[in-house]
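> Have a look at this prediction, sequence included:
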Amino acid sequence: MQFIKRFSQNYGAVLGLIILAAIVFLAVAAPLLYPGNPWKTVGMPLLRPLQDAKFLLGTDMLGRDIAAGIAHGAKVSLLIGVVSTLVAVLIGVTIGAVAGFYGGRVDDILMRFTEFFQIIPTFAMAVVLVAIFSPNFISITLAIAVVSWPSVARLVRAEFLSLRQREFVQAAVVIGQSGPRIILTQILPNAVSPIIVTASLMVATAILTESALSFLGLGDRNMMSWGFMIGAARTMLREAWWMSFFPGFAILLAVLAINLIGEGINDVMNPHLRGRKQ
Amino acid sequence: MHNTIRDVAYKGEISMRKVVTRLVTAAFLGCAFVTGAAVAQDSATPAAITKGGTLNLIVQPEPPMLIVGLNTQGPTLYVAGQIYQSLLTYDKDLKPLPQLAKSWEVSPDGLTYTFKLQDGVKWHDGKPFTANDVVFAATEFLVNAHPRWRLIREAYVESVTAPDDLTVVFKLKKPFSAFLYGFELSSFPIMPAHIYKGTDYRTNPANATPVGTGPYKLKEWRRGSFVHLVRNEDYWKKDQPYIDDLYFRVIPDAASRAIAFEQGTVDMLRGGDVEGFTINSLSSQPGIQTTTAGWEYFSPQMFLQPNLRLEVFKNKNVRKAMYHALDRDFIVNAIFFGQGKPSTGPFAESMLFHDPNIQQYPFDMDLAKKLIAESGVDLSKHPIRLLGLPYGSSWDRLTEYVKQQLEELGFVVSIQAVDAGGWLQSIGKFDFDLAFSFLYQFGHPAQGVSRIYYSDNQVQGTHAGNNGGFENAEVDALFRKAADALTDAEAAAAYTKVQQVLAEEVPILWIFDMKNTTIYRDKVKNPVRTAIGLNEPMDDVWLSKK
């Protein structure tokens, strides 16, 4: 209750939540709002927005409904964003927790391994991974996860290093709890708030990465996505602006909403910032 | 300078046409601006030709080299066409015209071809061009380095000899009706024997400084920026070429190329330099001419190739249904912005022996579904992969469209995303289900069409053979009969029959004959004169100083 009350005092976060809820609604309701396949030609090619009342946002060069593409694309963008973030958090937390808790040589090995991933520019690496494993939903999700877990790992390790020294952890060690049990039941619950904040922002990054991959033609060619729509429309920017504008605006809204929410959660969960908004 | 009768006749024909055009121009002076596109390029009298100037062009992508004997990709041909030459070229009706050969004779039995060469031709380094260079190209250089000439020579050529410095004689083992159609730049580039004889052609240091007989010489090639050619002062056509400098600029992005043309940085765009929709918006601007001529020799045809080794595509009704399910007018107009014309069959419309009176497959989804029902095949049990060509946005849209249409028919289709290398690898190893492809038809069906259908031409590693695995003894026999024919009438009869058989079999879905639009400013006169278009030496092109 305290959480909701404090969160709702942050107007930006509430606005983000509303936008995100609308996007989620759009993604879930896409099959009802725009039944059938978004790839299908349904009208004349290159109709401007509102030129035909049936096509609110116009049609693209093959006569496909832009609005239908955005609704169906929402599902893809959100799904890839959330799933890849979950995978990245899973990898990052595991490696960070083990490294931070056990320290010493284990820490050295795991952190050198993490740095190996950190020194490669993330987007370039995602491009290479997707290109190698041929673009499809799974390879894209995994590629995004693989390039984004190191920051989680470093964060979790830092939290663990500091919590490891606290009395309640020392006590757990003394009474003979096993390492994994201490990690899962003692330390992790206390480190969870920064993880949630980072994860929420990572969803936004993942959506952007997926869009960028699709824009470059490395998306799943069988799924409609926002990045793909912009990439396909890019060459005709001067002739048909609406084809790239609306999917671009959708990406902007989604990423902005998630960032606002992440900021809101951060304010609520970070004890040092309590009262900042008052 | 001494002209042969053939030469005179050719020039006479041109000037007659110019007279007529001028009359027409005068009569319709009022609307000359509107009809200008069609007549402007011929309307100038020879006296009005102005010399000098610089012509700015685009070469896209940048060629790997300019040695056309070693590389016959489009960009190489475009630039090297000004440097190197061949024996012949072809007019827009694919009739042979003289180039380095000033006349030729074919013996009545079709076995001996005698070419008389132009005299006074010099290589760019001052050495004389002689019949020995032609013999060297035909028996050594191209046999080693040129994929198409090697096949022709192996199958048909008995010997190539030079009785004197200006005569070359080709003796054939058996008649080949297409033989005279394989002597333009991309099929038979002539390389200097005095530079290449006895060397390793590919590593010869002279490859950096091409030496040809053409109207322009290489001055400077700044990689990633431009290729600069200058006028060959010793060119064998007196007083030609007219233009002093040619710049082939390298601009990697399609939108930037369009802007460069709009701003006047370049004067001419070749087919493929800009996207289809840009062609339409550019050509509607004042002071700009367009033509789709100059591709008759190549006649590129785009097709959808089913892998006939798969069970589902072995059924003829399934193939016919797929053909009926595609709205090819929509493909040409909406996806390729009018840059083409739906194919009527296996021969492109501008090809020799093209016969439009064969079975047609208009867009008809109901008929297509009926054919599938008749075939008794459950398409959902045969998921297929669709291999698209990675050549730009129109090709991507085409892949998406075909997937939609086939799924409406009941197929389960997944798109394979590949790059150019991946495409070649899949199609070259026959590891595809349904693939887009396009091929040049090279002036004669025996050169560019039959290779897709011969049962024994299923060779891996290339995209230009019988990759679909079509096997039909009647088609093989007809193509061979036509190739060995002594007269055009005999060949035509066999080609008509083979078109009928192929139209019934539908081993390939012929989508459309591709059109390439050349866009140029008014001041560029006479840019497209023959069936090889802009690959032709620009020795007749000039710039008006308005």
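Done, it's in.

> When you work out contacts or count neighbours from here on, use the C-alpha atoms and nothing else.
Fine.

> Walking through the stretch 351-500 of chain B, point out its strands one by one.
Per DSSP state E, counting those that start in this stretch, the stretch 351-500 of chain B carries strands over the ranges B:384-387, B:413-416, B:434-439.

> could I get those as CSV with distance to A:Val169 and mean neighbour count?
Rendered in CSV, the data for the strands of the stretch 351-500 of chain B read as follows (distance: least, C-alpha to C-alpha, whole Å; neighbours: other C-alpha atoms under 10 Å in any protein chain shown):
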stretch, distance to A:Val169, mean neighbour count
strand B:384-387, 57, 22
strand B:413-416, 53, 20
strand B:434-439, 62, 21
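
> closest one to chain A among those?
Smallest distance to chain A across the strands of the stretch 351-500 of chain B (C-alpha to the nearest C-alpha): 6.0 Å, for strand B:413-416.

> counting contacts, what elements does that closest one pack onto?
Here strand B:413-416 is seen to pack against strand B:384-387, helix B:393-409 when contacts are counted using 3 or more C-alpha pairs under 8 Å, 6 or more residues apart in numbering or on different chains; DSSP states H and E.

> Mean neighbour count, those: which tops it?
With neighbours taken as mean count of other C-alpha atoms under 10 Å in any protein chain shown, the helices and strands packed on strand B:413-416 reach their highest mean count in strand B:384-387, at a mean of 22.

> Now that one - C-alpha only, PDB.
Coordinates of each C-alpha in strand B:384-387 appear next as PDB, following Å, rounded to 0.1, in the frame of the first residue of the first chain:
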ATOM      1  CA  ILE B 384       8.000 -24.600 -47.600                       C
ATOM      2  CA  ARG B 385      10.900 -22.100 -47.300                       C
ATOM      3  CA  LEU B 386      10.800 -19.000 -49.500                       C
ATOM      4  CA  LEU B 387      14.300 -17.700 -50.500                       C
END
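
> what pLDDT, on average, does that strand get?
Confidence for strand B:384-387, expressed as mean pLDDT, is 94.

> got the residues of the stretch 151-278 of chain A near chain B?
Taking C-alpha under 8 Å from any C-alpha of the partner chain as the criterion, the neighbours of chain B within the stretch 151-278 of chain A are A:218, A:221-222, A:232, A:235-236.

> Could you report the separation of the spatially closest residue to B:Thr130 that is not a sequence neighbour from chain A?
Residue nearest to B:Thr130 in three dimensions, not counting chain neighbours: B:Asp165, with 5.2 Å by C-alpha to C-alpha, 6 or more residues apart in numbering or on different chains. To chain A, B:Asp165 is 54 Å away according to C-alpha to the nearest C-alpha, to the nearest Å.

> show me what contacts B:Asp165?
Each residue near B:Asp165 by C-alpha atoms under 8 Å, 6 or more residues apart in numbering or on different chains is listed here: B:130-132.

> so can I have JSON lines of these showing secondary structure?
Formatted as JSON lines, the entries for the contacts of B:Asp165 read as follows, by DSSP: H, G, I helix; E, B strand; the rest coil:
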{"residue": "B:Thr130", "secondary structure": "coil"}
{"residue": "B:Ala131", "secondary structure": "helix"}
{"residue": "B:Asn132", "secondary structure": "helix"}
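
> Who wins on neighbours among these?
Each of these was scored for neighbours by other C-alpha atoms under 10 Å in any protein chain shown, and B:Thr130 scores highest at 23 neighbours.

> Would you mind measuring from that residue to B:Ile190?
Distance of B:Thr130 to B:Ile190, given as C-alpha to C-alpha, to the nearest Å: 11 Å.

> Show me where chain A dips below the pLDDT cut-off.
A:271-278 (pLDDT under 70).

> Identify, by residue count, the longest helix of it.
With secondary structure taken from DSSP state H, chain A has its longest helix at helix A:66-102.

> Could you tell me how many residues sit around B:Glu505?
When neighbours are defined as other C-alpha under 10 Å, B:Glu505 has 16 of them.
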